[in-house]
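**Student:** got a predicted structure here, sequence first:
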Amino acid sequence: MHDQRLLRENLDMLKAQLGARAADVPWEGVRTLVQERSRLMVQVEELRHQLKKGSEEVGRLKREKQPADETMARMKAVGDRIKEIEERLRLADDGVQQVALRIPNLPHQSVPAGPDATANVEMRTWGTTPALAFTPKPHWEIGEALGILDFERAARIAGARFAVLTGLGARLERALINYMLDLHTSRHGYREVLPPFMVNRDAMTGTGQLPKFEEDLFKLRDDDYFLIPTAEVPLTNLHREEVVTEAQLPIKYTAYTPCFRREAGSYGKDTRGLIRQHQFNKVELVAFSKPEDSYEELERLTAAAEAVLQGLGLPYRVMALCSGDMGFSAAKTYDLEVWLPSQNTFREISSCSNFEAFQARRAGIRFRRADGKNEFLHTLNGSGLAVGRTLVAILENGQQADGSVVIPEALKPYMGGVERIGKG
RNA sequence: GGAGGGGUGGCUGAGUGGCCGAAAGCGCUGGUCUUGAAAACCAGAGUCGGGGCAACUCGACCGUGGGUUCGACUCCCACCCCCUCCGCCA
């Protein structure tokens, strides 16, 4: 959400800079509502002042045993008038709020301009793609052949876009989670958190999933709870409506959680395999930063996510998303894309963003400067990493001609010494 | 789910219709004193929004949202959260 003052004083600038990113925003309606709201606010405050003085007068008269009927009658009229205007103010305020919560964040000036993913800019690549002497198989064929991945039974117990991992497959997923958490807590200074996997409406609004993207979420029928689509939601909202001290910053959290997404509108995309699931595991990184440090923090956070891929020896590249490809709340985003031999391309495995004060303003997360002034802080987050997609990358990049899969060295301690997954 | 108790400033905690943005204590900030510190004493300090170059000024905020009233921290209703006991449960 943007500063209300920006809406009032710089609406044209905002509209121009957002361009196609906010094509669905009724700008002229916003302008009218914002003006109406200011006007009514001034009126109400003036009337309240009258009422306050008048009521004090009544109190004084009564104490002095003087008649107060005339003042009481006048104040009654003022009170009625206030109620009337307050009602209109409430409507205008709701209207502004409703639209304001649906205006996306402004891209940082370093973000490349562009309409879609084709305009994203490659920042760097790491590792060398494996030169396989055979035609690489997709991970679902590898996993099913090894008896560690089962989509058929998953469909029976849940439906499409679910998977069952068994044996060393389940073990590998668990190993990855532990490896990632250990790395971030011991080497990158993140504090481990195990949050609730469902949250309330306010939390979802705080990070920007609501009100605009409700159809992407799983919602409980009898309670106003939503399954989290990412640990970003509980972690960022941990400090909702709080004022932290300047000395505490940066605050950095990491958490493993399952993530639940309806994937509405992605019919036909990645229908096979683990790439796009209704439920998947992710280790998330979240940081709270002073505004002046947040872009430095974004580089550090991205590097922390990259460290996982490097530790596992998986080739990847870093893309700076262009304005048209960025998410609703982000001011700047780097995607990490891992190499998938079967698709002969890089696929997203992590998304690292700086939200600046966009989420902090929605969620009311501030910090107190040394001079005593309160200010919204900046929030950041990134996947470190999407666990299921990491497992995909290991299966595909580690596959051998005989159908077995070599496990990265770094995971051996987490796999009870297993170096290779073979049949049986 | 049932019964009862409770949500007030950084914390503890008073306040049961007007003189309450809110006592008192603790903590905090500045000062006096002291070689320094402590103690003591004095002074100061909430958050958000509007107006003003500024000094300043106006409004809102005592869990949340409604209601009663000239006037609500105080009365009424609904909801949320916390605590105790019972029930159920991993």
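**Tutor:** Received, thanks.

**Student:** quick one: residues contacting the spatially most central residue of chain A.
**Tutor:** Centrality entry for chain A: nearest residue to the mean C-alpha point is residue A:232, 5.0 Å, by C-alpha atoms, centre = their mean. By C-beta atoms under 8 Å, 6 or more residues apart in numbering, the residues touching residue A:232 are A:207, A:284, A:286, A:381. Any C-beta I mention is one placed from the backbone N, CA and C, and that applies to glycine too.

**Student:** report how many residues lie close to the first one.
**Tutor:** Yep, that's residue A:207 we're talking about. The tally of other residues near residue A:207 (other C-beta atoms under 10 Å) stands at 28.

**Student:** what about it, distance to residue A:239?
**Tutor:** 12 Å (C-beta to C-beta, to the nearest Å).

**Student:** what of the third one?
**Tutor:** Here residue A:286 is placed at a distance of 10 Å from residue A:239 (C-beta to C-beta).

**Student:** neighbour count winner among the two?
**Tutor:** Between residue A:286 and residue A:239, counted using other C-beta under 10 Å, residue A:286 has the larger neighbour count: 29 against 23.

**Student:** can I assume the more buried one sits in a helix?
**Tutor:** No. Counting by DSSP: H, G, I helix; E, B strand; the rest coil, residue A:286 falls outside a helix, being strand.

**Student:** partners of it in the sheet?
**Tutor:** Counting by DSSP bridges, residue A:286 forms beta bridges with residue A:253, residue A:381.

**Student:** point out where chain A drops to low pLDDT.
**Tutor:** Across chain A, the ranges flagged by pLDDT under 70 are A:424.

**Student:** what are the boundaries of the helices in it?
**Tutor:** A:4-9, A:11-18, A:27-63, A:69-100, A:139-146, A:151-157, A:168-187, A:201-207, A:232-237, A:294-312, A:358-363, A:387-397 (DSSP state H).

**Student:** wondering if the fourth one reaches RNA strand B at all.
**Tutor:** What that stands for is helix A:69-100. Yes. Using C-beta under 7 Å from any atom of the strand, helix A:69-100 reaches RNA strand B at A:72, A:75-76, A:79, A:83, A:90.

**Student:** and these, which are buried?
**Tutor:** A:75, A:79 (16 or more other C-beta atoms under 10 Å).

**Student:** could I get the residues of helix A:69-100 next to RNA strand B as a markdown table with distance to residue A:291?
**Tutor:** Shown next, in a markdown table, are those (distance: C-beta to C-beta, whole Å):
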| residue | distance to residue A:291 |
| --- | --- |
| A:72 | 51 |
| A:75 | 46 |
| A:76 | 49 |
| A:79 | 43 |
| A:83 | 41 |
| A:90 | 33 |
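
**Student:** pull the most distant pair out of the residues of helix A:69-100 next to RNA strand B.
**Tutor:** A:72 and A:90 (26.3 Å; C-beta to C-beta).
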